[in-house]
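A.B. asks: This is a predicted model, with the sequence first.
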Amino acid sequence: MEGKIHLYFGEGKGKTTAAFGLAVRALGRDMTVSICQFLKGTPSGEALFMKNAPRCTLLRDESTQKFVFQMNEDERTAYTASQRVLWERAVSVMKADGADLLILDEALGALELGILSENEVVSALADRLPGLEVVLTGRKPTPQLLKIADYASRVECVKHPFDKGTPARKGIEF
């Protein structure tokens, strides 16, 4: 089976949830899943569940709880280096036989911040094992990623409780 490239992108809530839903579907069919989460220091409910799921590997960097925009220059430099290590681990998954599905959660955000480059992501996707299905999530895909994607799903926010000042709720938003 030829692996496909999926993009779940946009300003709306649910990109990570959709990607993790695909992971649950794959696990239910005895497939092996690797999930690499960029730019997320605090684990979501999905991540907490998946770290103990059979046939699932969760790769994360929990070195900080800050958002990138809250970091000073030294913190951002160190964080970028740790995210690059995470990327190298994801590239290893793409080249090693073992995973059927790889989720690169917030890889599009890492691209927007300059932590990853479009060329290296496109090249790694082209060089992956032929049967590996890959999902990338984030707000804004690059034109080249949109071009090579087999699936591209936009998640649009029409209404959200945050607009009325409701903070993120445990188990619902994270």
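C.D. replies: Perfect, I can see it now.

A.B. asks: Going by C-alpha atoms from here, please, whenever you check contacts or count neighbours.
C.D. replies: Will do.

A.B. asks: Residues in a beta bridge with the most centrally placed residue in the chain, which ones?
C.D. replies: What sits nearest the mean C-alpha location of the chain, by Cα atoms, centre = their mean, is residue 105, with 0.7 Å. As for beta bridges, residue 105 partners with residue 37 under DSSP bridges.

A.B. asks: Got the confidence number for it?
C.D. replies: pLDDT, residue 105: 97.

A.B. asks: Now do it against residue 79, distance only.
C.D. replies: Residue 105 sits at a distance of 17 Å from residue 79 (criterion: Cα to Cα, to the nearest Å).

A.B. asks: And residue 13, by the same measure?
C.D. replies: Distance from residue 13 to residue 79, by Cα to Cα: 25 Å.

A.B. asks: who has more neighbours, those two?
C.D. replies: residue 79 (21 against 16; other Cα atoms under 10 Å).

A.B. asks: To which secondary structure element type does the more buried one belong?
C.D. replies: helix (DSSP: H, G, I helix; E, B strand; the rest coil).

A.B. asks: Likewise for residue 134?
C.D. replies: Residue 134 - assigned by three-state DSSP - is strand.

A.B. asks: wait, it sits on residue 101?
C.D. replies: Yes. Using Cα atoms under 8 Å, residue 134 is in contact with residue 101, at 5.8 Å.

A.B. asks: List the buried residues of stretch 51-58.
C.D. replies: Buried residues in stretch 51-58, counting neighbours by 16 or more other Cα atoms under 10 Å, are found at 55, 56, 57, 58.

A.B. asks: So what's the gap between it and the chain middle?
C.D. replies: Stretch 51-58 has its C-alpha centroid displaced from the chain centroid by 15 Å (Cα atoms, centre = their mean, to the nearest Å).

A.B. asks: pLDDT averaged over it - what is it?
C.D. replies: 96.

A.B. asks: can you check stretch 25-45 too?
C.D. replies: Stretch 25-45 comes out at a mean pLDDT of 93.

A.B. asks: again with stretch 133-149
C.D. replies: 98.

A.B. asks: One more: stretch 115-122?
C.D. replies: 97.

A.B. asks: do you know how far the nearest residue to residue 97 once chain neighbours are set aside is from residue 63?
C.D. replies: Computed as Cα to Cα, 6 or more residues apart in numbering, the closest residue to residue 97 that is not its neighbour in sequence is residue 129, at 7.3 Å. For residue 129, the distance to residue 63 (Cα to Cα) stands at 30 Å.

A.B. asks: same deal with residue 157?
C.D. replies: 30 Å.

A.B. asks: Could you do residue 31 as well?
C.D. replies: When Cα to Cα is applied, the distance between residue 31 and residue 63 equals 30 Å.

A.B. asks: Between those two, tell me which one has more neighbours.
C.D. replies: Neighbour count, other Cα under 10 Å: between residue 31 and residue 63, residue 31 has more, with 17 against 13.
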